[in-house]
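A.B. asks: below are the sequence and a predicted model for it; my questions follow.
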Amino acid sequence: MIMDLLLQKKVLLPTIFNFQECLWFLDRGFDECLYTVGRSSVSRAVEVNGCRYILKIKQDKRSEVRLLVYGEANSLIHIAGIQDYVDRWLDLRRDLSPFYQLIEAHPAFSYMTSSYYGLRMIGIPDLFEAICWCIIGQQINLKFAYTLKRRLVERYGTCIGIDGNDYWLFPTPTVLRYAEKETLRLLQFSKQKIAYLIQIAESFAEGRLSLDQCLISDDGDRQRGYLQSFRGIGPWTANYVMMKCLGRTDCVPWGDAGIQSALLHHKVIPHRRDNVEIRAAFDAFRGWESYLTQYLWRSLSSR
DNA sequence: GCCCAGGACTATG
DNA sequence: CATAGTCATGGG
């Protein structure tokens, strides 16, 4: 496939924003297979309205951020959908000032407003990808989770090459629902996770599970209830998806091992699995729990 | 060898 | 309702 530069435009940035900080979180030293982080850019393949593109988001010397869209020559450009994808990926339509006021006032976390200044919620705009990523990552260490994701993507996803670089699209529900269980076992997925992934893929393919249905109601409890009605989606996954994909700022993936580690490091809780103390820690961030979670996860990796 | 990983589900009291 | 057992494998 020959990809041409179809469009180039300036990205409208919110006030509290630092592209380098976002880039750093996007990379974090893990073996990410769905995008490539460079010194001042990030690139990935996306599918919007059935058309495939390569997106490159790049910061230039004047620290302006530009979006470059590559695609097949003379193909349609679904710019609204692409823009929406980018906005949701880096949470660009959010005013973070209320969150910064809260965190600035916190004795243990106030340093984050300068150390991590401008870090946005790094989202997973595609719901199917978000849910699958959660199931993959349940109860295993992150490094192994990235290994499993790469195996899944390289076996069932779609590769798009441009300028000698390969970009991968996450597998579609239509493909994954017919994946052979024995093959997935060879890729070292557990039987449980194989069953979850295939059932989730079926639910998407048959229209029972979709972003639109998640967003029928704005009510968090309803969204959680809907998501948790699918096998493989528990409280942790539902809340993770609500913050990373549905754009909610008020969710906590309760039970998350990373949150426990971060709160322990900050001496905010005395020991892991102290649910009372953990809830108390989030109490001061009502409405912005998702962002506190994001910043706590950020604190787990150091430069 | 042991315990923990960015959990969820089932069985049992 | 609360708790224990199960799943899988890599990493420290």
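C.D. replies: Cool, the structure landed. Numbers count the residues shown, from 1 in each chain, chains lettered A, B, ... in the order given.

A.B. asks: how about A:N74, secondary structure?
C.D. replies: Secondary structure assignment for A:N74 (DSSP: H, G, I helix; E, B strand; the rest coil): coil.

A.B. asks: so what's the nearest residue to A:E289 once chain neighbours are set aside up against?
C.D. replies: Closest residue in space to A:E289, ignoring its immediate chain neighbours: A:V252 at 4.6 Å, by C-beta to C-beta, 6 or more residues apart in numbering. In this view, the C-beta of every residue, glycine as well, is placed from N, C-alpha and C. By C-beta atoms under 8 Å, 6 or more residues apart in numbering, A:V252 lies in contact with A:239, A:259, A:282, A:289-290, A:292-293.

A.B. asks: among those residues, name the ones in helices.
C.D. replies: Those of those mapping onto helices are A:239, A:259, A:282, A:289-290, A:292-293, per DSSP state H.

A.B. asks: re earlier: most neighbours out of the contacts of A:V252, which is it?
C.D. replies: Highest neighbour count within those: A:N239, with 27 neighbours (other C-beta atoms under 10 Å).

A.B. asks: can you put the contacts of A:V252 in a markdown table and add pLDDT and distance to DNA strand B?
C.D. replies: Formatted as a markdown table, these follow (pLDDT from 0 to 100; distance: C-beta to the nearest atom of the strand, whole Å):
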| residue | pLDDT | distance to DNA strand B |
| --- | --- | --- |
| A:N239 | 98 | 8 |
| A:I259 | 97 | 8 |
| A:F282 | 97 | 16 |
| A:E289 | 98 | 14 |
| A:S290 | 98 | 11 |
| A:L292 | 98 | 14 |
| A:T293 | 98 | 8 |
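
A.B. asks: surely the residue nearest to A:E289 is in a helix?
C.D. replies: No - secondary structure of A:V252 (three-state DSSP): coil, not part of a helix.

A.B. asks: element containing A:D166?
C.D. replies: Secondary structure from DSSP states H and E places A:D166 in strand A:165-169.
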